[in-house]
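Enquirer: output the structure for:
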Amino acid sequence: MPKATVVNMTGAKVGEVELSDAIFGIEPNQVVVHDVVKNHLANCRQGTQSALTRAEVSGGGIKPWRQKGTGRARQGSTRAPQWTHGGIVFAPKPRDYSYTLNKKVKRLALKSVLSAKAAEGNVIVVDGLNLDEIKTKTMQSFLNAVEAGKAVVVTSEVNQNVVLSARNIPGVTTTTAKILSVYDIVNANKFIVDKAALAVIEEVFA
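Expert: Numbering: from 1, shown residues only. Model (predicted):
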């Protein structure tokens with residue numbers, strides 16, 4: 001059964017906790033993780049790119065020169081794609097890039113990344129992740145103490161003090177136990193989770 005280090009808010013080790021085999025002990029499926037990360041990035045795309053086709057570019061209503069006798073190639077419009085200021089061939093238009101994946105696929109991907117983090121020893125459980133006030137310096141000191149670097153910080157419920165203290169720290173993302181993001185976990189070096197949030201994760205995703 002995989003284990004994780006338990007620390008307090010000063011970063012000192014206070015014990016170990018056994019992690020659920022069903023969530024933190026499976027064989028990671030890299031193909032599924034890739035599919036879910038690709039899906040996340042596709043769903044993030046705005047899809048607002050747009051360019052004008054030859055039908056939409058202004059001008060070009062008259063034939064530049066007569067069809068025959070000039071020695072030049074025949075042309076019908078100065079707004080054809082081969083002309084400067086002409087339209088774009090197969091111009092990109094606004095579109096929706098989002099698509100859905102099966103719930104079981106997303107859940108397997110989440111278990112895979114959590115298992116990978118646990119196998120690497122990058123899961124850190126905090127015995128009471130809480131701050132008395134909104135203080136970025138305090139949060140940064142804690143992250144430095146556990147050598148977090150890029151990290152995803154998980155609480156059981158939305159904790160405004162934690163969220164607001166961490167939001168200005170580069171590479172640090174905060175979330176709650178019920179809405180974990182595979183992309184955020186893959187993108188982070190450490191998975192830092194409150195002890196209460198760990199119980200929620202094991203209850204919801206087991």
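Enquirer: tell me how far the longest helix seen in the chain is from the chain's mean position?
Expert: Secondary structure assigned by DSSP state H gives helix 103-120 as the longest helix of the chain. Taking Cα atoms, centre = their mean, to the nearest Å, the mean C-alpha location of helix 103-120 is offset from the chain mean by 15 Å.
Enquirer: ok, stretch 115-122 next?
Expert: That offset, for stretch 115-122, works out to 19 Å (Cα atoms, centre = their mean).
Enquirer: so which strand or helix has the most centrally placed residue in the chain?
Expert: Nearest to the mean C-alpha position of the chain, counting by Cα atoms, centre = their mean, stands Y183 at 4.0 Å. Taking DSSP states H and E as the criterion, Y183 maps to helix 182-187.
Enquirer: which SSE is immediately downstream of that helix?
Expert: With secondary structure assigned by DSSP H and E, helix 182-187 is succeeded by strand 190-194.
Enquirer: could you give the angle of that following strand to helix 103-120?
Expert: Our comparison of strand 190-194 with helix 103-120, counting by axes from the mean of the first three to the mean of the last three Cα atoms, to 10 degrees, yields an angle of 100 degrees.
Enquirer: ok, residues contacting strand 190-194?
Expert: The contact list for strand 190-194 (Cβ atoms under 8 Å, 6 or more residues apart in numbering) reads 114, 117, 122-126, 128-129, 143, 146-156, 177, 185, 201. Yep, even glycine has a C-beta here, placed from its N, CA and C like the rest.
Enquirer: next, count neighbours for E147.
Expert: 11 (other Cβ atoms under 10 Å).
Enquirer: surely I201 touches T175?
Expert: No: applying Cβ atoms under 8 Å, one finds I201 not in contact with T175, separated by 11.0 Å.
Enquirer: where does this protein have low pLDDT?
Expert: By pLDDT under 70, the chain has no low-scoring segment.
Enquirer: residue boundaries of the helices in it?
Expert: Using DSSP H, helices in the chain cover 21-24, 30-44, 103-120, 136-145, 160-166, 182-187, 195-205.
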